[in-house]
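Participant: I would like to see how this sequence folds:
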Amino acid sequence: METIISSSSVSLFNRPLIPVRTVTSTSTSQSASLSFLHCSTKLTYALPRVPSTLGFRKHSSTIPKFAVTCGAAITEINESQFPDTVLKSNRPVLVEFVANWCGPCRLISPVMESIAQEYGDRLTVVKIDHDANPRLIEEYKVYGLPALILFKNGQEVPESRREGAITKVKLREYLDALLEISVP
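Facilitator: Residues are numbered from 1 along each chain as shown. Here you go, the predicted model:
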């Protein structure tokens, strides 16, 4: 279900036009265990003002601000939590490097949440914010977003690095091959 909430401030008589639109999208997907995943994406942005030829002041457009929030299957960690959560884990950990401004990151967020729930008994999924953790970005040479890296026994699994958006089917194939799990 998608809800668009729009509020705009329109004023005549040489006042600036500052429309603001908020888009809230709520999607529900069902996993094999019949548990439901509720994700929401919120987009807020200001549109450019009308040119001064119409009696309004000029203004440069602002950058959209996005926030992606989902259920509790994925934990967001930072640099200080990385060693304990990822490197010292006794089970495989899939690390997803993301950023709020990254379109493909927002696109695969519901897929990642669904996979985290589906593989919850065999795999831990964590999310790391690219902008807030520059040391990890540099250490693991993350050049594209979203970036997925699988860690086992405290080390990066060879050939596990994946960058860019991915479908749920391809993500399952990727994980099954890396975890050596037969596809159901």
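Participant: buried residues in stretch 158-165?
Facilitator: If you call a residue buried by 16 or more other CB atoms under 10 Å, then stretch 158-165 has these buried ones: 160, 161, 162, 165. No exception for glycine: its C-beta is placed from N, CA and C like everyone else's.
Participant: any idea how far residue 111 is from residue 136?
Facilitator: Residue 111 sits 22 Å away from residue 136, going by CB to CB, to the nearest Å.
Participant: quick one: contacts for residue 96?
Facilitator: For residue 96, the contacting residues are 74, 112, 125, 126, 127, 128, 146, 147, 148, by CB atoms under 8 Å, 6 or more residues apart in numbering.
Participant: just the CA atoms of the longest helix along the chain, as CSV, please.
Facilitator: Across the chain, the longest stretch assigned as helix under DSSP state H is helix 103-118. This file holds the C-alpha atoms of helix 103-118, laid out as CSV (Å, rounded to 0.1, in the frame of the first residue of the first chain):
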residue,chain,number,x,y,z
GLY,A,103,18.9,4.8,-4.3
PRO,A,104,19.9,1.2,-4.8
CYS,A,105,20.4,0.8,-1.1
ARG,A,106,16.8,1.9,-0.5
LEU,A,107,15.6,-0.3,-3.3
ILE,A,108,17.0,-3.5,-1.8
SER,A,109,16.2,-2.7,1.9
PRO,A,110,13.0,-4.7,2.0
VAL,A,111,14.7,-7.7,0.2
MET,A,112,17.5,-7.6,2.7
GLU,A,113,15.1,-7.5,5.6
SER,A,114,13.2,-10.5,4.2
ILE,A,115,16.4,-12.5,3.6
ALA,A,116,17.5,-11.6,7.2
GLN,A,117,14.3,-13.2,8.6
GLU,A,118,14.4,-16.1,6.2
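Participant: and stretch 124-142, C-alpha only, in PDB?
Facilitator: Extracted in PDB, the C-alpha atoms of stretch 124-142 (Å, rounded to 0.1, in the frame of the first residue of the first chain):
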ATOM      1  CA  THR A 124      23.400 -12.800  10.900                       C
ATOM      2  CA  VAL A 125      22.700  -9.700   8.800                       C
ATOM      3  CA  VAL A 126      24.100  -6.300   9.800                       C
ATOM      4  CA  LYS A 127      23.900  -2.900   8.200                       C
ATOM      5  CA  ILE A 128      26.800  -0.300   8.300                       C
ATOM      6  CA  ASP A 129      26.200   3.300   7.300                       C
ATOM      7  CA  HIS A 130      28.800   4.400   4.800                       C
ATOM      8  CA  ASP A 131      29.000   8.000   5.900                       C
ATOM      9  CA  ALA A 132      29.200   7.400   9.600                       C
ATOM     10  CA  ASN A 133      32.000   4.700   9.400                       C
ATOM     11  CA  PRO A 134      34.800   5.900   7.100                       C
ATOM     12  CA  ARG A 135      37.400   3.700   8.700                       C
ATOM     13  CA  LEU A 136      35.500   0.500   7.800                       C
ATOM     14  CA  ILE A 137      34.800   1.800   4.300                       C
ATOM     15  CA  GLU A 138      38.500   2.400   3.800                       C
ATOM     16  CA  GLU A 139      39.700  -0.800   5.400                       C
ATOM     17  CA  TYR A 140      37.300  -3.000   3.400                       C
ATOM     18  CA  LYS A 141      37.700  -0.900   0.200                       C
ATOM     19  CA  VAL A 142      34.000  -0.400  -0.300                       C
END
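Participant: that'll do, ta.
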